[in-house]
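*Asks:* Have a look at this fold, sequence not included:
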């Protein structure tokens with residue numbers, strides 16, 4: 001058995017319409033399913049390419065980001081990442097939509113990629129990743145340990 005890739009991510013959100021609209025405008029996600037969970041919670045499945053987000057309406061919940069989770073010694077998702085392939089298109093979309101970048105307000109260079117960090121309407125942090133030459137690459141583990 002091989003895992004091909006991460007299939008989807010489930011998120012509870014404050015507002016289904018606002019969240020769907022934001023992910024659609026910023027990342028091109030489109031609704032492919034909606035309904036009620038077994039507990040009666042409204043949900044939607046959004047898809048862009050092979051990436052899917054399952055969003056569940058939960059306006060009565062408090063949101064804890066990475067720093068709050070650490071301070072309370074709780075586990076949780078610090079951020080998730082969406083891979084892009086076109087820097088210019090991403091930057092044009094971010095400017096058009098008024099997307100604010102975290103961590104100094106711009107592109108962060110990693111050895112094999114660039115990243116921008118943004119928050120969705122509920123507060124989830126998203127790393128927008130552009131790999132050099134659209135290739136996921138890491139140095140050999142032996143070199144990384146040296």
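*Replies:* Thanks, I have the structure now. Quick caveat: nothing in here was measured; it's all calculated off a predicted structure. Numbers count the residues shown, from 1 in each chain.

*Asks:* got the contact list for the residue most central in space within the chain?
*Replies:* What sits nearest the mean C-alpha location of the chain, by Cα atoms, centre = their mean, is residue 126, with 3.7 Å. When contacts are counted by Cβ atoms under 8 Å, 6 or more residues apart in numbering, residue 126 is found next to 79-82, 117-120. All C-beta spots, glycine's among them, are computed from the backbone N, C-alpha and C.

*Asks:* And residue 41, by the same measure?
*Replies:* Contacts for residue 41 (Cβ under 8 Å, 6+ apart) come out as 56-58.

*Asks:* So which of these sit within helices?
*Replies:* Among those, no member is found in helices (DSSP state H).

*Asks:* so what's the closest residue to residue 99 other than its chain neighbours bridging to?
*Replies:* If the residues on either side of it in the chain are set aside, residue 99 comes closest to residue 118, at 5.3 Å by Cβ to Cβ, 6 or more residues apart in numbering. Beta-bridge partners recorded for residue 118 (DSSP bridges): residue 126.

*Asks:* one step back: make TSV out of the contacts of residue 41 and add neighbour count and pLDDT.
*Replies:* Listed next are these as TSV, based on neighbours: other Cβ atoms under 10 Å; pLDDT from 0 to 100:
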residue	neighbour count	pLDDT
56	17	97
57	19	96
58	17	93
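
*Asks:* returning to that earlier point: any idea how far the residue nearest to the centre of the chain lies from residue 101?
*Replies:* 11 Å (Cβ to Cβ, to the nearest Å).

*Asks:* Alright, that wraps it up for me.
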